[in-house]
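Student: Whatever this is, show me its structure:
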Amino acid sequence: MADDTLDSLYPDHLNTLAARTQSALQATGYDALVLHAGAPPIQFLDDQSYPFKVNPHFKAWVPILDNPHCVAVHVPGRRLRVYFWSPDDYWHKAAKLPDAAWTRHVDLQPFADPKQLAGLLAGLGRAAYIGPRDQWPDVPAADLNPAELVNRLHYDRAVKTPYELECLRRASALAVRGHRAALAAFRRGASEYAAHMEYLLACEAREEDVPYNNIVAYGEHAAVLHYQHLERRSPATPRSFLIDAGAQFRGYAADITRTYAAGPGRFADLIELLDAAQRCLCAGVMATRDFRDVHLEAHRLVADVLHRAGIISLAGDDAVQKRLTSVFFPHGIGHLLGLQVHDVGGVQGDPQGHERPRPAGHPYLRLTRILEPGVVVTIEPGIYFIDSLLAAARSDGRGAYIHWDAVEELRPFGGIRIEDNVAATAGEPENLTRAAFARDTETKKAA
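Tutor: Model (predicted):
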């Protein structure tokens, strides 16, 4: 889609947010909603701030991502008003008032001093304020991030508008460019650090622009689920490469993981088996389905993969009942995705905030809801060789069902995770990630 087509989706997006918000305000007794973009905190014993991360409630309405202190005000029946911070500052470059096509659908008003906000926000009636406490020191506690209202907004946010879905597609396209570049760096012998930098260069991003810290893990580092370091030296013996890295478009995130073997062999075969299982799981992201069932199916499929690969002696439900899959696959199958990587409302069973429980024995699952058209989730099965989990299995009896020679052969490769972003629809699911990789391939062929 061209930008003008994307921007044509924005008015309906605003109307959907307005309708949802009006319903939430009426149900909770508020007259208006005030959203603060936030401001970066100052580092301890310093005069420098941390990178700015905008309030997701604010960026749901307007794609203003890099200017703190802005405020959006929604009053039912009126156009959205956005107070845009534009100080007279010679230390930093002040943001310019946006003039993109989307601005035609909101009222933008610049202001120079946050102290002006109190006067600008007068006369709203009973207003609910969403944002950090230090930005609203004079707001009554009951009206700051009121749980009843926030729960309703979070619950509704799971269902994406057509505008949001297109933003997520474009975020996936950006992330795929980065993934291709990082893989090329690995293939030519670059270090983890160098592969990460190639990723950022391909996405035209700084560290603070990506939605989360990239996981760039070679070999046994891939056994650390949230591996956070970047080796500056290339490994003497390259074995494997796991990259979990995303991108953002207008504030919406992609969250993609791929794993590669340095050459053919048992680990490469294991990747192919898990990839086939992951595709089956993606095909099951159907409206009306309980996501807890997707998670439990993932454990059955992972058990079959482990069995076929000669790692465990049991398959399917038998392996799951013995808790063998938890040795190799200790996290949830996925989560909501949108304005945040781990988007909110994942375990809400209703707009009031009552939780839908996780399956027994699966405490790390982030999503327990019934899927609906427009809900976007990640599907990310994994198989890892984690020393502490393997040691626990040896000591509690589960080791009798594990082929330890296979484990020892595969441990230096760390592990595998394959993650796609998938939208539930009224029919077949839309795999945003696979589609983005396919488009990127076609583009390169055409070039």
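
Student: burial count for Asp420?
Tutor: By other Cβ atoms under 10 Å, 27 other residues sit near Asp420. Yep, even glycine has a C-beta here, placed from its N, CA and C like the rest.

Student: ok, now Ser234?
Tutor: Neighbour number of Ser234 under other Cβ under 10 Å is 18.

Student: Which residues are in contact with it?
Tutor: Residues near Ser234 by Cβ atoms under 8 Å, 6 or more residues apart in numbering: 189-191, 194.

Student: now it: how far from Ala195?
Tutor: 10 Å (Cβ to Cβ, to the nearest Å).

Student: Mark out where each domain of this structure begins and ends.
Tutor: 3-157, 162-446 (automatic domain parsing).

Student: right, so those: which one is the most enclosed?
Tutor: domain 162-446 (a mean of 19; mean count of other Cβ atoms under 10 Å).

Student: Beyond the helix or strand where His295 lies, next helix or strand please.
Tutor: Element membership of His295, judged by DSSP states H and E, is helix 291-308. Using DSSP H and E, the next helix or strand after helix 291-308 towards the C-terminus is helix 316-321.

Student: Tell me where the protein has helices.
Tutor: For the chain, the helices defined by DSSP state H occupy 3-28, 56-59, 117-120, 147-157, 162-187, 192-203, 266-283, 291-308, 316-321, 325-328, 387-396, 404-410, 432-446.

Student: Mean pLDDT lowest where, among those helices?
Tutor: For the helices of the chain, mean pLDDT drops lowest on helix 117-120, to a mean of 87.

Student: Distance from that one to the middle of the chain?
Tutor: Chain-centre distance of helix 117-120: 34 Å, with Cα atoms, centre = their mean, to the nearest Å.

Student: what's the answer for stretch 34-43, then?
Tutor: Centroid displacement of stretch 34-43 relative to its chain, using Cα atoms, centre = their mean, is 21 Å.

Student: contacts for it?
Tutor: Stretch 34-43 has contacts (Cβ under 8 Å, 6+ apart) with 48-55, 57-59, 61, 64, 67-74, 121, 124, 127-132, 134-136.

Student: Restricted to strands, list those.
Tutor: Counted as lying in strands by DSSP state E, out of those, are 71-74, 127-130.

Student: which one of those is nearest Leu242?
Tutor: Ile130 (36.3 Å; Cβ to Cβ).

Student: now that closest one, which residues is it bridged with?
Tutor: As for beta bridges, Ile130 partners with Leu35 under DSSP bridges.

Student: do the same with Val71
Tutor: His36, Tyr83.

Student: gap between it and Gly131?
Tutor: 8 Å.

Student: Check Lys160 too.
Tutor: Lys160 is 23 Å from Gly131, by Cβ to Cβ.

Student: And for Ile312?
Tutor: Applying Cβ to Cβ to Ile312 and Gly131 gives a distance of 49 Å.

Student: do the same with Ala184
Tutor: 42 Å.

Student: And for Thr288?
Tutor: 35 Å.

Student: give me every residue that touches the residue nearest to Leu124 when sequence neighbours are not counted.
Tutor: Spatial nearest neighbour of Leu124, chain neighbours left out: Ala32 (4.2 Å); criterion: Cβ to Cβ, 6 or more residues apart in numbering. Shown in contact with Ala32 (Cβ under 8 Å, 6+ apart): 25, 73-76, 124-128.

Student: ditto for Arg258
Tutor: Arg258 sits in contact with 179, 183, 242-243, 418-419, where contact means Cβ under 8 Å, 6+ apart.

Student: Restrict the helix holding His295 to CA atoms and write it as CSV.
Tutor: Taking C-alpha atoms only, helix 291-308 is exported to CSV below (Å, rounded to 0.1, in the frame of the first residue of the first chain):
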residue,chain,number,x,y,z
PHE,A,291,-5.1,-19.6,22.7
ARG,A,292,-4.4,-21.9,25.6
ASP,A,293,-5.2,-24.8,23.2
VAL,A,294,-2.7,-23.4,20.8
HIS,A,295,-0.1,-23.5,23.5
LEU,A,296,-0.9,-27.1,24.6
GLU,A,297,-0.9,-28.2,20.9
ALA,A,298,2.6,-26.6,20.6
HIS,A,299,3.8,-28.9,23.4
ARG,A,300,2.4,-32.0,21.7
LEU,A,301,4.1,-31.0,18.4
VAL,A,302,7.4,-30.1,20.1
ALA,A,303,7.3,-33.6,21.7
ASP,A,304,6.9,-35.2,18.3
VAL,A,305,9.8,-33.2,17.0
LEU,A,306,12.0,-34.2,19.9
HIS,A,307,11.0,-37.8,19.4
ARG,A,308,11.6,-37.8,15.6
